[in-house]
Structures are given as structure tokens and as C-alpha cells.
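**Q** below are the sequence and a predicted model; questions follow.
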There are 2 protein chains.
Amino acid sequence: MSPKFVDRGKKAKEIATAALHVFSQKGYGASSVEQIAVAAGVAKGTMYEYFPSKDKLYIAAVMVFVENFETGLTERMTPFDDPFFRLVEYIGFSIENCSMENESSVQILFDILQQSVLENGVFYKKKYLVREMMQGSRKMLTDILLEGVSKGIFQVNIARDVEKLAANIIAFLDGASLHRLITENYFNMPEQLTAAMKFLARILLVTPNNYDVDKMIARAVGR
Amino acid sequence: MSPKFVDRGKKAKEIATAALHVFSQKGYGASSVEQIAVAAGVAKGTMYEYFPSKDKLYIAAVMVFVENFETGLTERMTPFDDPFFRLVEYIGFSIENCSMENESSVQILFDILQQSVLENGVFYKKKYLVREMMQGSRKMLTDILLEGVSKGIFQVNIARDVEKLAANIIAFLDGASLHRLITENYFNMPEQLTAAMKFLARILLVTPNNYDVDKMIARAVGR
DNA sequence: TGTTAATTTGACCATTCAGTCAGTATGATT
DNA sequence: AATCATACTGACTGAATGGTCAAATTAACA
């Protein structure tokens, strides 16, 4: 009288990770539970043992994505002290996340947004979930900006509307990632971002001339 | 010996317009041909009389969208002479296109992008089509910028990388529209764009103090 | 090794949907 | 009114897929 036992939490996460792969390649609608089951190396029935529906499975997969994203972002920024360097890293991470070799990351992001916007989307009635999930990385950015102000590196006046500025920078990065995917070689991400960063440098920094933006971007991207 | 006759071109466009409505509400995947047929007031069979497949129907619908978009944009900008005013109108049009009362317009935009990015999307192998369709509005923006330079209103140095600047502005606008849809009231579009426009004004204008950006945005939005 | 409950499986069901097609309706022309 | 090519219809088909469940498998323990 003692049954077989598996670590259900761990297995659920494995399945969710496999699901993330498939969902990012094909999007929610075109990914079948069967496909995901194959990718996860289990039978379809097992999927429903761990997740009650395709929707819930998707949400779990998205949560894995957000987790990975934030971990990657944090890892990348921690080595740097100067807020402006951290900002460049933040943006560099966005570039990498939409490089052609590694599209899936942006693709799932847009699938998430799609699912929030369309009438019958998974997140249509649950936009608060998406907002919550996005809060993490926005907070990181806000913190960088405020830190820059308090260290006297960024101009004081940005502190008043930090939230707005952060939201705008993220909006721009997402838009840029997106255009990069569509326009392929026509939209050169490092060049575009270098251009944008130069503007940003002029707006943010107290002493713009202390930084060589071109060199910083080049280094951040050529990781 | 003389058959019934209908203006097939006109009817095709009517169907495509109805299709655009449905596609913007539900996205490509979740819109059924039957639904579109009902919306267009014809039978499903008739759809296939005018469009050989759902994909082709989608492309036709998207073309209607792009056409409408460019017409609207042009109409809105023509009354203005000053390039900076035209720029504000350009951006104001983006705001309107993502106001909550009129979401469909942004929604179809993101569906298009989704269809370009996902493996099995309608535009996945036809990204050039999307590029072509987007060229129109990008050209308008480039023209505004160059005109501004040649009239001595915008700084000369932006002329060198106009294309990049234009691409970045559009990327930002798209990203902003997107975030607006998800974050709903948390992302206040006019405020966000006013903030962004102020930065842009400082970067673009030779004499920023000649313009009252707040007032201009307020007017452009309160149309 | 046998027992037992947890775990896994995949055939099956019900539904949805793109696309087809045989037949019906239309209306310009004679 | 009769003709007939064009236009239109909607029932049908075949394939895909979300979700179920009875039966098979597994592994901890006695």
C-alpha cells in the first residue's frame, strides 16, 4: 500500500516550458495540445492531469516566460553600477531578445498581447494578469531611472514623470522589436537603438559627453 | 443569351470591408468564413466566388485597412502647413486609432503583425507585403521630417538618418498603442504622447520655445 | 513477489470549420 | 415569355482538435 510518486510541481513546470516553446512558434490558436504533449514527451491525457484546460496551460507557459525574462534581465544588469550602463544593458537585452536566431521570445510576447486584445483571447478578461506580469520589468526600469537621478547622473526633471518615461521606453522597445521582426534586414536593430539611445542620452544625462553611446551599445550587443 | 451582371470589383470590396470588421474583432484564427459571410450578407459559397481562400480574403481585408488608414492620415494632415504641426497630427491620428471606442483599428494592426511573425501566419512567408503596405505611412513621416529640415524648422542633423528616425517614431507609436490596449487606463495615451512629444520637440525643433506642445496635443486629440 | 494507489495512456467523442459542389435564382437580351 | 450565362446558396465532406475516461502501467512498500 504505497503508490508511485512523482514531483508534480516539477513536472508541471517541464510541461509548461515545453508548451512555451510550441506557443511561441505557432501562437496560441495554432498550437494543439497534442503537439505540446509530443514536445513535452507525454500523452495528451497527461496534459490534462496537470492543467485543466489549454487556457490554463497557456497562462502557465506565459508565466515561465516572464520568469525567464526577468531572471535574464536581472543577471545582465547586476554587474553594472552606473545607472546609464544598466539602462544600456536593459536595452541590449531587448535587442538580443529579438535577434533572428532567438525570435521565439518576442513572438510569445506578441502572442500574449494579441490574446489580451482580441475578444476571445485567453487574456481578454484577464488583462490585469498581463499588467501584473509586466510590472516586474517596468519596475526595474523605473528604479534605474530614479537611481540615476539620485546619483546625479540623470537630470532631475525626469523624476517627476518616471513612470511615464519608463512606460514610453518600454513601449518603444516593444514596437522596435516588432518592426524588426517584420522588416527583417531593413530595420537594423543595433543601429536603430543606437540612434534612439543618443536621443535618450541627451535627454537623460546631465553630462552626455562623458559617455560614448556608440561604443556602449556595440559592447552591449556584441555579447 | 445575356447573363445577370454584378460589379464584381465593388462587391469584392464590400466583402473585404465586412471581413475587416470581423477580423479586427476576433483575429484571423478565430474568425470563421461563415461569420464573415453573415456579416457581408452573403452565403459562404459566395465568399469563395470572390476569394479563393480565407488567406486571400484576409489579405484583401488588410489592404482595405491600409487604404483607409492612409486616406485618414492624409486628410488629417493636409490642412496644416507647418511640418511640426503635421507631425503632431500624425501622432494625434495614432492616438485616435487606439482610443477605446475605436479599438478595432489597432487590433487588426496587431493581428497583421502576429500573422507576419508566427510560423503558420498568413504573412509569415510574405513579410514583403506587410513592408510594402507600411511603406506608405512611413514615407509620409519621412517627408514631414525632411520638409521640416528644408524649411529650417527642424534641425539639420536629423536629415542624415531620417529613415531611422521615422522608423523609430513609428515603432514607438505602435508600441504605445499596444501598451495602451493592455494597460487600459493605466497608460494614458494623450499624457504619454505629450511627454514623448516634448522630448521629440527638443530634439527636432530649431526653436522649441516657439511651440506650445501641450496645447497642440490637446487640440489634436480633442478633435 | 504481490499489492495498491498514483500516474499515464491513447482511443474516442463532440464540435468546429475551410472548402466543395450540385442545384437554384437572377436578370439582360432576344 | 423563353433563354442561358452568371451569380448565389447552403448542405455536405473531411480533417483537425479540445477534452474525457476506462484500461494499462508504474514504482514504493510489505
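**A** Yep, it's here. If you're wondering where the values come from, they're calculated on a predicted model, not measured in any experiment.
**Q** the helices in chain A, which residues?
**A** A:8-30, A:33-40, A:44-50, A:54-77, A:83-96, A:104-117, A:127-150, A:162-183, A:189-204, A:213-221 (DSSP state H).
**Q** if I look at the residue nearest the centre of chain A, how far off is chain B?
**A** With distances taken as Cα atoms, centre = their mean, residue A:69 lies nearest the centre of chain A, 5.1 Å away. Here residue A:69 is placed at a distance of 16 Å from chain B (Cβ to the nearest Cβ, to the nearest Å). (Glycine included, C-beta is placed from N, CA and C.)
**Q** leaving out sequence neighbours, find the closest residue to that residue.
**A** Excluding its sequence neighbours, the residue lying closest to residue A:69 (Cβ to Cβ, 6 or more residues apart in numbering or on different chains) is residue A:137, at 6.8 Å.
**Q** does that neighbour touch residue A:72 like I think?
**A** No: distance between residue A:137 and residue A:72: 10.2 Å, which falls outside the contact criterion (Cβ atoms under 8 Å).
**Q** who's more crowded, these two?
**A** residue A:137 (20 against 14; other Cβ atoms under 10 Å in any protein chain shown).
**Q** what's the pLDDT at the more buried one?
**A** The model reports residue A:137 with a pLDDT of 90.
**Q** who touches it in this structure?
**A** Listed by Cβ atoms under 8 Å, 6 or more residues apart in numbering or on different chains, the contact set of residue A:137 reads A:69, A:70, A:73, A:170.
**Q** low pLDDT regions in chain A?
**A** The model of chain A has pLDDT under 70 over residues A:1-2, A:98-104, A:184-187, A:222-223.
**Q** which part of it gets nearest to DNA strand C, residue-wise?
**A** At 1.8 Å from DNA strand C, residue A:45 is the closest residue in chain A, using Cβ to the nearest atom of the strand.
**Q** run a quick neighbour tally on that residue.
**A** When neighbours are defined as other Cβ under 10 Å, residue A:45 has 9 of them.
**Q** what residues does chain A put near DNA strand C?
**A** A:1-6, A:8, A:11, A:42-46, A:48-49 (Cβ under 7 Å from any atom of the strand).
**Q** for the residue in chain A that chain B sits nearest to, give its distance to residue A:157.
**A** Relative to chain B, the nearest point of chain A is residue A:175 (2.7 Å; Cβ to the nearest Cβ). As for residue A:175, its distance to residue A:157 is 25 Å (criterion: Cβ to Cβ, to the nearest Å).
**Q** ditto for residue A:7
**A** Separation of residue A:7 from residue A:157 (Cβ to Cβ) stands at 52 Å.
**Q** now the two most distant members of the contacts of residue A:137.
**A** Maximum pairwise distance among the contacts of residue A:137 (Cβ to Cβ): 13.3 Å, between A:70 and A:170.
**Q** looking at these two now, which is surrounded by more residues?
**A** Between residue A:70 and residue A:170, residue A:170 has the larger neighbour count (other Cβ under 10 Å), namely 19 against 15.
**Q** ok, now which ones touch the closest residue to the more buried one other than its chain neighbours?
**A** Residue nearest to residue A:170 in three dimensions, not counting chain neighbours: residue A:138, with 6.1 Å by Cβ to Cβ, 6+ apart. Residue A:138 is in contact with A:166, A:167, A:170, counting by Cβ under 8 Å, 6+ apart.
**Q** how about residue A:166?
**A** Taking Cβ under 8 Å, 6+ apart as the test, what residue A:166 contacts is A:138, A:141, A:142, A:145.
**Q** neighbours around the third one, how many?
**A** Just to be clear, that refers to residue A:142. Other residues close to residue A:142 by other Cβ under 10 Å number 17.
**Q** so it touches residue A:162, yeah?
**A** Yes: using Cβ under 8 Å, residue A:142 is in contact with residue A:162, at 5.3 Å.
**Q** ok, which residues in chain A are in contact with DNA strand D?
**A** Within reach of DNA strand D by Cβ under 7 Å from any atom of the strand, chain A has these residues: A:1-5, A:30-34, A:44-45, A:48, A:52-55.
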